[in-house]
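Colleague: Sharing a model that was predicted from the sequence below.
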Number of protein chains: 4
Amino acid sequence: MPEQRRLYEDVTAQGHLIDSNILSSIMNGIVELDGEFEVLSLDIGRGNENPSKLTMRVFGRDEQHLYEILRSIHEHGVVPVHLENAHVEPAPADGVFPEGFYSTTNLETYIRIGGHWVHVEGTEMDLGIRVDEVTQTACGVPISQVRAGDRYVVGQAGLRVISQERPREKTAFEFMNSTVSSEKPKAQTIKQVASLIREVRDDGRKTIAVAGPAVIHTGAAEHLARLVNAGYVSVLFGGNAVATHDIEVALFGTSLGIDMKSGVPVPGGHEHHLRAINRIRAAGGIRDAVEKGVLASGLMYTLVKTGTPYILAGSIRDDGPLPDVITDVIEAQDAMRAWCREAGACIMLSTMLHSIATGNLLPASVTTVCVDINPAVVTKLADRGSLQTIGVVTDVGLFLKQLADELGC
Amino acid sequence: MPEQRRLYEDVTAQGHLIDSNILSSIMNGIVELDGEFEVLSLDIGRGNENPSKLTMRVFGRDEQHLYEILRSIHEHGVVPVHLENAHVEPAPADGVFPEGFYSTTNLETYIRIGGHWVHVEGTEMDLGIRVDEVTQTACGVPISQVRAGDRYVVGQAGLRVISQERPREKTAFEFMNSTVSSEKPKAQTIKQVASLIREVRDDGRKTIAVAGPAVIHTGAAEHLARLVNAGYVSVLFGGNAVATHDIEVALFGTSLGIDMKSGVPVPGGHEHHLRAINRIRAAGGIRDAVEKGVLASGLMYTLVKTGTPYILAGSIRDDGPLPDVITDVIEAQDAMRAWCREAGACIMLSTMLHSIATGNLLPASVTTVCVDINPAVVTKLADRGSLQTIGVVTDVGLFLKQLADELGC
Amino acid sequence: MPEQRRLYEDVTAQGHLIDSNILSSIMNGIVELDGEFEVLSLDIGRGNENPSKLTMRVFGRDEQHLYEILRSIHEHGVVPVHLENAHVEPAPADGVFPEGFYSTTNLETYIRIGGHWVHVEGTEMDLGIRVDEVTQTACGVPISQVRAGDRYVVGQAGLRVISQERPREKTAFEFMNSTVSSEKPKAQTIKQVASLIREVRDDGRKTIAVAGPAVIHTGAAEHLARLVNAGYVSVLFGGNAVATHDIEVALFGTSLGIDMKSGVPVPGGHEHHLRAINRIRAAGGIRDAVEKGVLASGLMYTLVKTGTPYILAGSIRDDGPLPDVITDVIEAQDAMRAWCREAGACIMLSTMLHSIATGNLLPASVTTVCVDINPAVVTKLADRGSLQTIGVVTDVGLFLKQLADELGC
Amino acid sequence: MPEQRRLYEDVTAQGHLIDSNILSSIMNGIVELDGEFEVLSLDIGRGNENPSKLTMRVFGRDEQHLYEILRSIHEHGVVPVHLENAHVEPAPADGVFPEGFYSTTNLETYIRIGGHWVHVEGTEMDLGIRVDEVTQTACGVPISQVRAGDRYVVGQAGLRVISQERPREKTAFEFMNSTVSSEKPKAQTIKQVASLIREVRDDGRKTIAVAGPAVIHTGAAEHLARLVNAGYVSVLFGGNAVATHDIEVALFGTSLGIDMKSGVPVPGGHEHHLRAINRIRAAGGIRDAVEKGVLASGLMYTLVKTGTPYILAGSIRDDGPLPDVITDVIEAQDAMRAWCREAGACIMLSTMLHSIATGNLLPASVTTVCVDINPAVVTKLADRGSLQTIGVVTDVGLFLKQLADELGC
């Protein structure tokens, strides 16, 4: 757990804190034990008759350290703001949380069980927290996986959310965090995205690439394949369309019927995507098609050849679909969820549906770069609680080429 | 089959058509038998040495009538352009068309089997055509429903597509067909949409309403419910979101956490949608929740109370989902397909995903009104081959209110 | 000057403020004199050897009161952060500020001259501040009006900007301030805009309506005319287009060639706007055309008949233009500027160019409602420093009808 | 005049054209004289009692040739459809066309004066046609330049518009003409724009570049300057903003206050643009600033150094403006008009206002490339009658870099 996400307890004290020197005693007490504090509020009484009121966040290295500090300043009238254990109730049925269940954010979370703060495994938005009071463990569970009788947190008591702090050193993306605009110097942005994914790769962490069919239509598949070959992509998330059109290019030289060399529509080209799907269905799937030599180029080919996994999630607008597509959306979420929980970075490339779905599953701590030519898509993603989302409003085709050039791959 | 979609055969003739009076003989022959013709091309030879070439479409009332006309003009050297029967091959495996399969448009289609033109049942884009040569019948089949050994049309031979003609009388929507703009007089547009769906209802045909969550967020659910109550909506297509937020309004008074009375976010409101889902899961589903009195107002309530069917199709960005949601996307398509094949009109309300999916399934002859505040969504829909799509770029909230007012419901 | 925009001085103090009870002495001193304070920062020294540092904003009722308070707490080591007078230099030439000139915000501003705080007249973004040291007055001047030798503020010294505080009571628009979305309950929004402009009118303040041609094209001109008739619009800002198309409707029944009754293009209709301009030029201008009976209906007619002023500013994309259009853009700005300085509210209706231009001229304190179907326009306006801009992403045609209905006019 | 824009006369003939061999006689007559024809309509009488009706366009090399052909076929009952001279009336006042004036398109136009077809000089949309009957000349005149008593065409009689034909050989841009999409292969598009402007330069024709401030903000100014240096830009059209922000980069390293190296806002940076304007005003203008060494880099500097002209047109949203800006919009149009009439190509870069204004002034025959990240801007331009407008929906920053790379400059 990095320094900036230490365990804390919010405490409060009341009285003539300043003229009685209580405030300085409390502060001294914390500092002596090598703890830290942050004054959340200090209402100083106007005039002598009014007491002052302090609320302060006290940080410790771990639960034991925090406990020691709190015991030490207890004598100055300092009282923890929260004392309760989390409340827990059984799920009334399969797939149903107990009424009043606590719904998670995508931030790191602790719950208080038996007087102790227990880390909640599996950070994701809109989960319930299942508690095992015997082992004193807790984990986030999607509603579709609830089993009757399992015990879930209800209400807000005994909960601690560790807010996502901005790193203290100036980082690559700090400047872009709040703004989404096509009118920014582009060369810098690309350099910074490059160093982000290089850093993640070199640290041995994983980068998820979420790709929509525009990546294929704009001719950017080859540049994304360069990133895959160079090990910058740990897993590809997409749908039936991105894989189908990539395969259409490999088999027919067109994407959605547009010739990729000349940019003109090919007669009968609107059928190519369904023919491509049919050939892959005949081969038994994408991997089989690569093995049989039916599919010999493109992004999906590169993924298979490099052993890079991919998850294709179905949607009701799909033709076909390809045999590799997971047609049950809850199953598809579960497959994506596993990757999201261990991701180091995520690059979303011109797909609103898959990007929002992935954003829902990602912990807030994962830096996410969202590239789309439509500012509304980027704004929508940034609004959904993916705190570290960096919006880049640009042309995905030109972007991926320059990113791969920048990374020298 | 209306007059403007008669069966036809394209024929060709070559030679000194004009100075030998051949042309007039052919035309006379057709007209005498009460047939009609359209000159597709007439290349008149420059000078005397060059022959002329005619291509002409000859229309008959039915196959028999057409056959008689063709026999009659045969003597003037008139040759049918197409003579072949459709080629048919067996599907090599479940879920796989024979290579080279014919992929359908959403236009009415005939195929030639045993020298006869046979109507293809089930008009939809991107299907294969399954042929039963014994019963001389043909129908469109999605790739996911193909069974090994069934016989499918391959190639282009023996196929006839009946193009969607613009009705001759001036219709309500003629003016909007090619343009998509927010800068049009709105009062007229609303009047014309109103008369479209009134006409469809009064003719006993069915109107599909496809609705996204913006209908709920903008407070328009009550106005859509007015249309449901008045019988203007035969079935609702939507996803988990539209139903969930409607139920959130009913249970908590908020939509995505925004109070519907004041428009301000409610503390903790971002959890309401998951709580709403949980209560419906606890009740066993939307219909059960209505019966148990858990759900007592809103659009979904109105659908249940009026016995109006709804299809909720799942997506990977869903939370929950509600028990009524079909999570397998191919199953969901099949459920939607049944309604699409008998629809008289379709109104798409602020949802790109569900509108595109529905557009894929609709025959071209179904008049479709697509309402969205984003011109790009409307353009995208119009581009996908839904010929009768009328784009209305406007605010769905204000639109539905004025539409319901106009219809007096 | 309302309570929340009192004059203040930022002061600083350093030392063992807490354990020496200095902090409490300072606070007591201010409160005893009926002043108020806000702690801007309090860096409390960790351990005993480190001094603490306080920065505090001290508020007084007026300059005299503030001066008394500051003198009183001076004894505790409290030092004003800023002491300097504003620096002033002469303009080197007509139309040129002295290098290093202070460029204004659109917030209320004071400058220190001869030890006194002097209010700067004429709040607008991107002006210089001209100082008359004899009369101790200061006013904002656009660069185009600078005269050589006039004296202007340079640098940041001696400047005080009064930030725009959110009113303490909950206001109509508070909820919308930070968000721009088409997915909000619309009925509430319209109610609140209605009560804003009713309040402004009833207070005898002025409302500027800025209108683009979409108001005419969507058929909303009649609804805007209802607002004009009922006295809700004090002045109309627009360009050649809004007036031309309004007159085109009056003379030919079309707007940009589209028939306003049927919504269909009229043959030859694309010339109507130029014919309309020509007739008004022949008549000598809009007012003359009304007097001569050439123009007898529409928005411009209503403005003339009710004596409501209008300013039409030229643009390089204009055809014609109408004789009423001010073709010099700096002259047009000056004409608009006069109204902006005394406005109570501003409603911007579907015009990016005129809305941005007006936004540049408006003081930050003027509540501005920006209605456009394009979220990007609204975002762009909100980004340009018009703090009180309320974005309403909706269809201007339906919006104005419901607004006029709501106002009962 | 290229082959495909020959002079023509529409003629008509009626009767038993086919069985009387009249049709073949007419055709023979034309071909013998080396003329050409196009059958516009041929209504063939059904049965013997009904006459047929032919309308045909007859083309000649020039007026004399056409006259000979028409005289030759006259004997077969062929009658010109149009026989009248253009009607001409005096302008009633300065700045006013005669009522009923003919309003031009942007297509090449001829008028019939004294029985002869006279070419109209100055092709532009929405002009009147001034006729000098003595010299038998005609030219297009904007309404603002009309002088009382000058004679203008009224009505439709005696007018001939030469439609813009698609070149017969397949050209670079044919494929893009009707579609506007961000989802097209980008590398091809850039190659084709490159060959267009290379061809125009190498032919000694002129390319207009119309640029908005996004060119500067995205860091693309250096790439546009590369095009200027290599002679690909004959003139730059823009406004106060593009020049101001370019100069801001040169003087302060920021564009709209954003540091161009790091992409982060610089403290006080929002004032830089006004400071930049002030320095240029102090220097006397952009050219003076370059001479004095005040301005030593950037796009404007490159224009001055290479002697490339620029036209900066004012707008009401301008700050300042720079002394080089033409603040009267009609004057600015006149300055732009001169260049538009002799342009070979036009590249519009991320500016709606200036692009529309330029589009209004360009003849339809000028190939225009419109680059914008916003599809709505591109659609709007394509809708305004600029027939040869090629929309490229992409990021102008990345586009200009790759274009300059492609051109090797």
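Modeller: Nice, I can see it.
Colleague: and stretch A:393-405, how far from the chain's centre?
Modeller: Distance of stretch A:393-405 from its chain centroid, counting by CA atoms, centre = their mean, to the nearest Å, is 22 Å.
Colleague: got the buried residues for it?
Modeller: By neighbour count on 16 or more other CB atoms under 10 Å in any protein chain shown, the buried set for stretch A:393-405 is A:Val393, A:Thr394, A:Asp395, A:Val396, A:Gly397, A:Leu398, A:Phe399, A:Leu400, A:Lys401, A:Gln402, A:Leu403, A:Ala404. For every residue, glycine as well, the C-beta is placed using N, CA and C.
Colleague: can you check stretch A:294-309 too?
Modeller: Applying 16+ other CB under 10 Å to stretch A:294-309 flags A:Val294, A:Leu295, A:Gly298, A:Leu299, A:Met300, A:Tyr301, A:Thr302, A:Leu303, A:Val304, A:Thr308 as buried.
Colleague: Which ones among these map onto strands?
Modeller: Judged by DSSP state E, strands contain none of the buried residues of stretch A:294-309.
Colleague: can you list these in CSV and add pLDDT and distance to chain D?
Modeller: Output for the buried residues of stretch A:294-309, formatted as CSV (pLDDT from 0 to 100; distance: CB to the nearest CB, whole Å):
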residue, pLDDT, distance to chain D
A:Val294, 97, 24
A:Leu295, 98, 20
A:Gly298, 98, 14
A:Leu299, 98, 15
A:Met300, 98, 18
A:Tyr301, 98, 19
A:Thr302, 98, 18
A:Leu303, 98, 21
A:Val304, 98, 24
A:Thr308, 98, 24
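Colleague: Flag the shaky bits of chain A, pLDDT-wise.
Modeller: Low-confidence segments of chain A, defined by pLDDT under 70: A:1-5, A:18-21, A:44-50, A:163-181, A:382-388.
Colleague: Just the helices from it, written as ranges.
Modeller: A:22-32, A:63-73, A:186-202, A:214-217, A:221-229, A:240-252, A:272-283, A:286-291, A:299-305, A:329-340, A:352-361, A:375-383, A:396-406 (DSSP state H).
Colleague: so which of the ones you listed is the most packed in?
Modeller: Across the helices of chain A, averaging neighbours per residue (mean count of other CB atoms under 10 Å in any protein chain shown) puts helix A:214-217 on top, at a mean of 28.
Colleague: Could you tell me which residues of the stretch 1-150 of chain A lie near chain B?
Modeller: A:Pro92, A:Ala93, A:Gly95, A:Val96, A:Phe97, A:Glu99, A:Phe101, A:Ser103, A:Asp126, A:Ile143, A:Ser144 (CB under 8 Å from any CB of the partner chain).
Colleague: re the thing from before, any chance of the helices of chain A in CSV, plus distance to D:Lys261?
Modeller: Listed next are those as CSV, based on distance: least, CB to CB, whole Å:
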stretch, distance to D:Lys261
helix A:22-32, 40
helix A:63-73, 43
helix A:186-202, 7
helix A:214-217, 30
helix A:221-229, 25
helix A:240-252, 35
helix A:272-283, 44
helix A:286-291, 44
helix A:299-305, 34
helix A:329-340, 35
helix A:352-361, 30
helix A:375-383, 24
helix A:396-406, 16
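Colleague: Show me the one of those helices that comes nearest chain C.
Modeller: helix A:22-32 (4.6 Å; CB to the nearest CB).
Colleague: What is the closest one packed up against?
Modeller: strand A:7-15, strand A:36-43, strand A:52-60, helix A:63-73 (3 or more CB pairs under 8 Å, 6 or more residues apart in numbering or on different chains; DSSP states H and E).
Colleague: rewinding a little: hmm, which of the residues of the stretch 1-150 of chain A next to chain B are the buried ones?
Modeller: Buried among the residues of the stretch 1-150 of chain A next to chain B by 16+ other CB under 10 Å: A:Gly95, A:Val96, A:Phe97, A:Phe101, A:Ser103, A:Asp126, A:Ile143, A:Ser144.
Colleague: What is the nearest of those to D:Leu66?
Modeller: A:Asp126 (76.3 Å; CB to CB).
Colleague: Surely the closest one and A:Leu361 touch.
Modeller: No - contact between A:Asp126 and A:Leu361 fails when scored by CB atoms under 8 Å: they sit 9.8 Å apart.
Colleague: Common neighbours of these two, please.
Modeller: Common contacts of A:Asp126 and A:Leu361 (CB atoms under 8 Å, 6 or more residues apart in numbering or on different chains): none found.
Colleague: sorry, back to before: any chance of the helices and strands packed on helix A:22-32 in TSV, with distance to D:Asp259 too?
Modeller: What follows is the helices and strands packed on helix A:22-32, written out as TSV (distance: least, CB to CB, whole Å):
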stretch	distance to D:Asp259
strand A:7-15	36
strand A:36-43	31
strand A:52-60	35
helix A:63-73	42
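Colleague: which stretch among those comes nearest chain C?
Modeller: strand A:36-43 (7.6 Å).
Colleague: strands paired with that closest one, and their directions?
Modeller: strand A:52-60 (antiparallel) (DSSP bridges).
Colleague: The partner strand vs helix A:22-32, what angle?
Modeller: With axes from the mean of the first three to the mean of the last three CA atoms, to 10 degrees as the basis, strand A:52-60 and helix A:22-32 are set at 0 degrees to each other.
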